[in-house]
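A.B. asks: the following comprises the amino acid sequence and a computationally predicted model.
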Amino acid sequence: MTGGPGGPADDLVPVSVRLGTVVPPEDPEDWTRPLTWVAAAGMLAGPVVALAWFMVAPPIDATAALPATYLVAASLAAGAAATGATQVGAARTFTATLGAGLFGALVVVMLGVVMAGERQVGSASPTLAHAVGAAVAGVAGAADAAIVSAAVARLRSRPVRIVPALLSAIVMALVGVAVLM
């Protein structure tokens, strides 16, 4: 089946091939690899803890931080640090850590909005207030972990790379909650 431009053979060829060089995509994620599961679990750590908290015992007061607020912020930051530790190279580690933290924070805030049972005028519900506080503190921890993980990205051992980033992420998240709330 040969044909000139616009002939029947062109209909069988994808547009991307007809327009230029096609570069095959990198290998797709392989869900049988443990690091893929670590990255996925890291991105969802904070949202899962927040969802459990908001379903079991949602906050009733927004004036002070609760232990669960600290737990959500710390799990968000620690999960981001674990996600970044799955990557190789400073740039990839930095972006994966920060990206995972931002993703987790967005989901935590969305859960706070959805799980807020009451709608208040003039002030946020306690669920939303704690979700935002934990998310902001978690992102601060993730940003700190991104810097630390980029600095230690050249080390060979993954456990040695994750420990400093994990510790700094948790400490920064806990300090962030204490300052914000």
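C.D. replies: Arrived safely.
A.B. asks: so in the protein, where's the weakest helix or strand by average pLDDT?
C.D. replies: helix 15-19 (a mean of 54; mean pLDDT, DSSP states H and E).
A.B. asks: so which helix or strand takes in Trp37?
C.D. replies: helix 34-56 (DSSP states H and E).
A.B. asks: so for that helix, mean pLDDT?
C.D. replies: Helix 34-56 carries an average pLDDT of 89.
A.B. asks: likewise for stretch 99-119?
C.D. replies: The model assigns stretch 99-119 a mean pLDDT of 88.
A.B. asks: distance from the chain centre to that stretch, please.
C.D. replies: 12 Å (C-alpha atoms, centre = their mean, to the nearest Å).
A.B. asks: list the buried residues in it.
C.D. replies: 99-105, 107-109, 111-112, 115-116 (16 or more other C-beta atoms under 10 Å). Placement of C-beta: from N, CA and C, glycine included.
A.B. asks: again with stretch 127-138
C.D. replies: Here stretch 127-138 shows Thr127, Leu128, Ala129, His130, Ala131, Val132, Gly133, Ala134, Ala135, Val136, Ala137, Gly138 as buried, counting by 16+ other C-beta under 10 Å.
A.B. asks: great, nothing more from me.
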